[in-house]
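> Attaching a predicted model along with its sequence, questions to come.
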Amino acid sequence: MIQVVVSPQSVLETGITVETVDNLRFFRFTDALQNRLEDLLERNKLGVLTTEEANELASINELDRLFTYLNSLLLAQ
């Protein structure tokens, strides 16, 4: 089965922020995108996600995975 994922670019302008902690800059989700992620995770747990929501969740999860990796690289410097 091939899964079509919503392009992460659809949330880049409104869902991403850069936070400075101890002179290091980290990528993080805005509060709005974090709330959306939590809502989608809850709906997924209940088994009531639509196909579009499942694609959106996969997209946000991919961004989360990338940010975790990038932030770990920044922290290691």
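Now that the structure is in, tell me what you want to look at. Numbers count the residues shown, from 1 in each chain.
> quick one: Val48 is in a helix?
No: assessed with DSSP: H, G, I helix; E, B strand; the rest coil, Val48 is coil; it does not lie in a helix.
> Return the distance of it relative to Phe27.
As judged by C-beta to C-beta, to the nearest Å, Val48 and Phe27 stand 30 Å apart. For every residue, glycine as well, the C-beta is placed using N, CA and C.
> Of these two, give the one with the bigger neighbour count.
Phe27 (16 against 9; other C-beta atoms under 10 Å).
> what kind of secondary structure is the more buried one in?
Applying three-state DSSP: Phe27 is strand.
> in terms of contact, does it touch Asn71 like I think?
Yes: between Phe27 and Asn71 there is a contact under C-beta atoms under 8 Å: 6.0 Å.
> what about the longest helix in this protein?
Ordering each helix of the chain by length in residues (DSSP state H) puts helix 51-76 first.
> So which bits of that helix are buried?
Using 16 or more other C-beta atoms under 10 Å as the test for burial, helix 51-76 gives 53-57, 59-60, 63-64, 71.
> pLDDT weak spots in this protein?
Within the chain, the ranges that satisfy pLDDT under 70 run 1-13.
> Can you tell me which residue is spatially central in it?
Per C-alpha atoms, centre = their mean, the C-alpha nearest to the average position across the chain is that of Ile60, at 3.3 Å.
> Now tell me what touches the helix or strand containing Gln34 from outside.
Under the criterion of DSSP states H and E, Gln34 resides in helix 31-46. Outside of helix 31-46, the residues within contact range by C-beta atoms under 8 Å, 6 or more residues apart in numbering are 11, 14-16, 29, 49, 53-54, 56-57, 60, 64.
> In which helix or strand does Glu19 reside?
Element membership of Glu19, judged by DSSP H and E, is strand 16-21.
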